[in-house]
Each structure stands twice: as structure tokens, then as C-alpha cells.
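Chemist: need a structure here:
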Amino acid sequence: MWAKRTFIKTTQAVLRSLREDMLARFYAFSRDFFARADHGEIHTIVTQDTQRLDAMSTALLAQFLPSVVVSLVLSLLLLYLSPQLFLLMLLMGPVLVFLSRRLGHRVRASVRAFFKRFERYSSGIAFVLEVMDLTRSQGAEPLELARQSDNIRALEDAAGEMLWLKDAFRIGQDLISAGSGVILLVAG
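Modeler: Here you go, the predicted model:
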């Protein structure tokens, strides 16, 4: 718990510094840059990328590293208790890694597709808010609603695909882990 708390405090401090630096850098860009830039897209990228970095670093430091330490200790204990079972575990390792990578590739692609769709949706909403008066004055509400509705439907599809693949990946990982455990138990 202490290590997790320390990791969380450290990553949050680094993220705060990163976010402050990014904000300060905005003032270094020219007025022309901001006149040409899509503010909604910049906003979405900056906020979502730092949030993704937060989630990734928290997962890495608070979950992955402790898991590696526990796995290493248990592997050394297995080596001490039964070198044959340890060898069997080592032989199963490449198979497990191969299966995990095959499953993980599709999940990562669907996550990237979801975030692209979410950025489009977020940019679209920012655009709608930015040009609301112009859209109303031109009578273009139905056109803009249809355009944004397409973004929302695409986001729905991407979210459904990503969530389904994440669950399938988790279930696949559980099955692979359970199967490996059964093999080791039977061999033991």
C-alpha cells in the first residue's frame, strides 16, 4: 500500500508538471497558429493524452511492477521446490506470450479507433458550440445535427467494439492463465 501510494503521488506530480508545461507552451505559439488551429481538436488531444498517460503510468507503477515482483518471487520458490515444474513453466512462457500478443493486437487497434472517434466527437461538439450563432443564422441546424449524429453513431460503434474486445481479451487471458495452472497442477 505504501509503494502504491508513493507511485500515485509521484505520477500525479509528474502529470501536474507536464500539464503546467503544456499550458505555458501555448503562450509561446504565435497568434497566427491559434487563428488557424482547431481549438477543439487541440483541447481534446491535450486533455485526453494527459489522461491516457495518467492511466498508463498508474497501471504500470501501481499494478505491473508489483505483479512482476510477486511473479519473480513465486518463480524462484517454484525453482527451489521443483526444477522440473519450473522448466515446464518456462517452456509454456513463449506460448502464453504469443497468445497474449495475438489477442492484444486487436484490442489495441480497437482502443486507438475508439479514441480517434472520441476526438472527432469532442471536436465536433466544440465546433458546434463555437459556431452556434452562425449555424442558427444560416438555418443549418439540421445539416449540423446530421453531421454530429454521424460522429455519435461512429463513436457508439467504436465504443461497443472496443468494450467487447477488451472483455474477450480479459476472458481469453483468464482462460490461458487457468489452462497453464491446470497443466502445472497435473504435471506436479
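Chemist: separation between Ala24 and Leu18?
Modeler: 11 Å (CB to CB, to the nearest Å). (Glycine included, C-beta is placed from N, CA and C.)
Chemist: now Leu103
Modeler: For Leu103, the distance to Leu18 equals 31 Å [CB to CB].
Chemist: same check, this time on Gln48
Modeler: As for Gln48, its distance to Leu18 is 14 Å (criterion: CB to CB).
Chemist: re the thing from before, looking at Leu103 and Leu18, which is more packed in?
Modeler: Leu103 (17 against 14; other CB atoms under 10 Å).
Chemist: pLDDT below threshold where in the chain?
Modeler: Flagging of the chain using pLDDT under 70 yields the residue ranges 1, 62.
Chemist: what residue lies at the spatial centre of it?
Modeler: Arg52 (5.8 Å; CA atoms, centre = their mean).
Chemist: and the closest residue in space to that one that isn't next to it in sequence, what element?
Modeler: Closest residue to Arg52 apart from its sequence neighbours, by CB to CB, 6 or more residues apart in numbering: Phe115 at 7.6 Å. Here Phe115, judged by DSSP states H and E, is contained in helix 83-130.
Chemist: quick one, helices of this structure?
Modeler: 2-26, 31-36, 39-59, 65-81, 83-130, 132-138, 141-187 (DSSP state H).
Chemist: tell me what the longest one is packed against?
Modeler: Spelled out, that is helix 83-130. helix 39-59, helix 65-81, helix 141-187 (3 or more CB pairs under 8 Å, 6 or more residues apart in numbering; DSSP states H and E).
Chemist: and if you look at the fourth one?
Modeler: On a contact count with 3+ CB pairs under 8 Å, 6+ apart, helix 65-81 meets helix 2-26, helix 83-130.
Chemist: what about the nearest residue to Phe86 once chain neighbours are set aside, how many residues nearby?
Modeler: Nearest residue to Phe86, sequence neighbours excluded (CB to CB, 6+ apart): Leu79, at 4.3 Å. By the measure other CB under 10 Å, the count of residues near Leu79 is 14.
Chemist: pretty sure Leu79 contacts Leu90?
Modeler: No. The pair Leu79 / Leu90 is not scored as a contact, 9.4 Å apart, by CB atoms under 8 Å.
Chemist: which residues does the closest residue to Glu119 other than its chain neighbours contact?
Modeler: Spatial nearest neighbour of Glu119, chain neighbours left out: Thr44 (4.8 Å); criterion: CB to CB, 6+ apart. Contact analysis of Thr44 by CB atoms under 8 Å, 6 or more residues apart in numbering lists 118-119, 122-123, 126.
Chemist: and those, which two are the farthest apart?
Modeler: In the contacts of Thr44, the most distant members under the criterion CB to CB are Phe118 and Ala126, with 12.5 Å between them.
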